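Q: Need the 3D shape of this:
(one chain, ligands or ions: 1)
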Amino acid sequence: MKNILHILIFNLLISAAFSQSADEEIFFPADTSKKIHLQKNTDDAPSTTFLEQDNNEEEDLESQNEISTLYGDFDNHVVHQYKYKEVFQIRDSLIISLEKEKFVLPFNGKINSHYGWRRYRPHYGTDIDLNKGDSIKSTFDGIVRYANKKVKGYGQVIIIRHFNGFETVYAHLSKILISPNDTIKAGDLIGLGGNSGRSTGPHLHFEIRCLGVPINSEDIIDYENQCLKNNTFILTKKDAEETYNLRSKKYYHIVKSKRIYIVKQGDTLSKIAKKTGIPLSVLLKKNKLKKTSIIKPGRKIYL
Ligand SMILES: [Zn+2]
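A: Just a heads-up that it's a prediction; the model follows:
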């Protein structure tokens, strides 16, 4: 009974912690690594760090990219670990060798939403169309760092840390078939596609991250030919801070233009609030409007 109670409290803590931050995880590269640090359950597999785990396999160590050692730890309870900030304090670029890497598409389907700005929000993943229950596979060899059924935004999500230094994120799943700390090969079945979390229809929200930096997966993967685009991927400090930071100055023109909404036929203020994700009270204040104000199509609403 005591054990069950412990598990219940542990689960409650986890879901409470992640419901606060995870919604932002898809869209905002905010540093949440310091927010939550729950004690690892001692009944789990031995708490080895990523580096230690690899040291046991001498062959792997040789082919392993140096970057995978830069994470420092292997936390099963934090959604994203934004280690790039520390790393880029002492260096300007990271080279990821993909030459010997075995690669498999997570799911072979039509891309229906790309990385970039989307409906007033940055979108850090590539959305791949699928039917509920379709098989989702790991893109590279690696170890499951994180798996959680209830992450706001992501829904059921798996994050795998790969020996090459990338982390991949598989979200909106209907079933998780692996556990944290499982060793995975490229092409292994890890879960089933679905519609959990913030999702309007069954699809896979797939992200590639490097030390927490969300990278456009289409810069790395040639989806049409189901292969990698290059043998190497170089992440520079500038890329981390600008190219792959959709909220940086580089994208300011997009941010600026997206902060205005043009009223369409049939719109009401509450509909606009819902569409844009801006609370009604904020819209009213910014635009000096009342709840009862009539807004005509074509009018600009400041967000
Ligand atoms: Zn998505």
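Q: Which residues in stretch 103-112 does the neighbour count mark as buried?
A: 103, 105-107, 109, 111 (16 or more other Cβ atoms under 10 Å). For every residue, glycine as well, the C-beta is placed using N, CA and C.
Q: can you check stretch 269-284 too?
A: 269, 272-273, 276, 278, 280, 283.
Q: Among those residues, which are located in helices?
A: 269, 272-273, 276, 280, 283 (DSSP state H).
Q: Show me which residues of the stretch 151-300 of the chain are close to the ion?
A: The stretch 151-300 of the chain comes close to the ion at residues H205, as judged by Cβ under 5 Å from the ion.
Q: Now the stretch 151-300 of the chain against the ion: closest residue?
A: H205 (3.4 Å; Cβ to the ion).
Q: So what are the structural domains in the chain, by residue number?
A: Following automatic domain parsing, the chain resolves into domains at 2-243, 259-302.
Q: With mean pLDDT added, can I get those in JSON lines?
A: JSON lines is the format used below for the domains of the chain (pLDDT from 0 to 100):
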{"stretch": "domain 2-243", "mean pLDDT": "79"}
{"stretch": "domain 259-302", "mean pLDDT": "86"}
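Q: Return the most buried member of the ones you listed.
A: The highest average neighbour count among the domains of the chain, using mean count of other Cβ atoms under 10 Å, belongs to domain 2-243 at a mean of 17.
Q: and the closest residue to T183 other than its chain neighbours, what element?
A: Nearest residue to T183, sequence neighbours excluded (Cβ to Cβ, 6 or more residues apart in numbering): I143, at 5.5 Å. In this assignment (DSSP states H and E), I143 forms part of strand 142-151.
Q: Only alpha carbons, please: show stretch 221-240 as PDB.
A: Extracted in PDB, the C-alpha atoms of stretch 221-240 (Å, rounded to 0.1, in the frame of the first residue of the first chain):
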ATOM      1  CA  ILE A 221      16.900  14.500 -43.700                       C
ATOM      2  CA  ASP A 222      16.000  14.100 -47.400                       C
ATOM      3  CA  TYR A 223      12.400  12.900 -46.700                       C
ATOM      4  CA  GLU A 224      11.700  12.200 -50.400                       C
ATOM      5  CA  ASN A 225      14.600   9.900 -50.900                       C
ATOM      6  CA  GLN A 226      14.500   8.600 -47.300                       C
ATOM      7  CA  CYS A 227      18.100   9.300 -46.600                       C
ATOM      8  CA  LEU A 228      20.400  11.900 -44.900                       C
ATOM      9  CA  LYS A 229      21.300  14.900 -46.900                       C
ATOM     10  CA  ASN A 230      25.000  15.100 -45.800                       C
ATOM     11  CA  ASN A 231      27.700  13.100 -44.000                       C
ATOM     12  CA  THR A 232      28.300  15.900 -41.600                       C
ATOM     13  CA  PHE A 233      26.200  18.400 -39.800                       C
ATOM     14  CA  ILE A 234      27.800  21.500 -38.400                       C
ATOM     15  CA  LEU A 235      26.000  23.500 -35.800                       C
ATOM     16  CA  THR A 236      27.600  26.900 -35.200                       C
ATOM     17  CA  LYS A 237      26.900  29.300 -32.300                       C
ATOM     18  CA  LYS A 238      25.300  31.600 -34.800                       C
ATOM     19  CA  ASP A 239      22.900  28.900 -36.000                       C
ATOM     20  CA  ALA A 240      22.000  28.100 -32.400                       C
END
